[in-house]
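Colleague: Can you look at this prediction? I've put the sequence above it.
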Amino acid sequence: MNSELISTRLRKLRGSQTREQVAEACGISLSAIMMYENGKRIPKDDIKITLAKYYGSTVEAIFFEGQGHET
């Protein structure tokens, strides 16, 4: 997984919302959101699902698409 690409996608999806708003709505700590958005940590699978649902996206679109995976 490309943490830099994922962090960019997460920041873009958050838009004008604050990190605090996303963290509270998803039941995730603010420090975790910050680490995901700064590319310092990749979320565990259950958090990936929570974030994808919150943003109205899919786990694949946020965390896997366009990362050079061979099929």
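Modeller: Thanks, I have it. Numbering: from 1, shown residues only.

Colleague: where's the residue nearest the centre of the chain, which helix or strand?
Modeller: For the chain, the residue sitting closest to the mean C-alpha position, by CA atoms, centre = their mean, is residue 10 at 4.4 Å. Under the criterion of DSSP states H and E, residue 10 resides in helix 3-14.

Colleague: can you give me the offset of stretch 15-29 from its chain's centre?
Modeller: Computed by CA atoms, centre = their mean, to the nearest Å, the chain-centroid distance of stretch 15-29 equals 11 Å.

Colleague: Would you mark the buried spots in that stretch?
Modeller: 19, 22-23, 26, 28 (16 or more other CB atoms under 10 Å). In short, each C-beta sits where N, CA and C put it, glycine included.

Colleague: As CSV, those residues with distance to residue 38, pLDDT and secondary structure would be great.
Modeller: Listed next are the buried residues of stretch 15-29 as CSV, based on distance: CB to CB, whole Å; pLDDT from 0 to 100; DSSP: H, G, I helix; E, B strand; the rest coil:
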residue, distance to residue 38, pLDDT, secondary structure
19, 10, 97, helix
22, 14, 98, helix
23, 14, 98, helix
26, 17, 97, helix
28, 14, 97, coil
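
Colleague: Identify the farthest-apart pair in those.
Modeller: Farthest apart among these by CB to CB are 19 and 26. That separation is 10.6 Å.

Colleague: quick one: common contacting residues for those two?
Modeller: Contact criterion CB atoms under 8 Å, 6 or more residues apart in numbering; residues shared by residue 19 and residue 26: residue 33.

Colleague: quick one: contacts for the residue nearest to the residue nearest to the centre of the chain when sequence neighbours are not counted?
Modeller: Leaving aside its sequence neighbours, residue 10 sits nearest to residue 37 (CB to CB, 6 or more residues apart in numbering; 5.1 Å). Residue 37 makes contact with 7, 10-11, 14, 19 under the criterion CB under 8 Å, 6+ apart.
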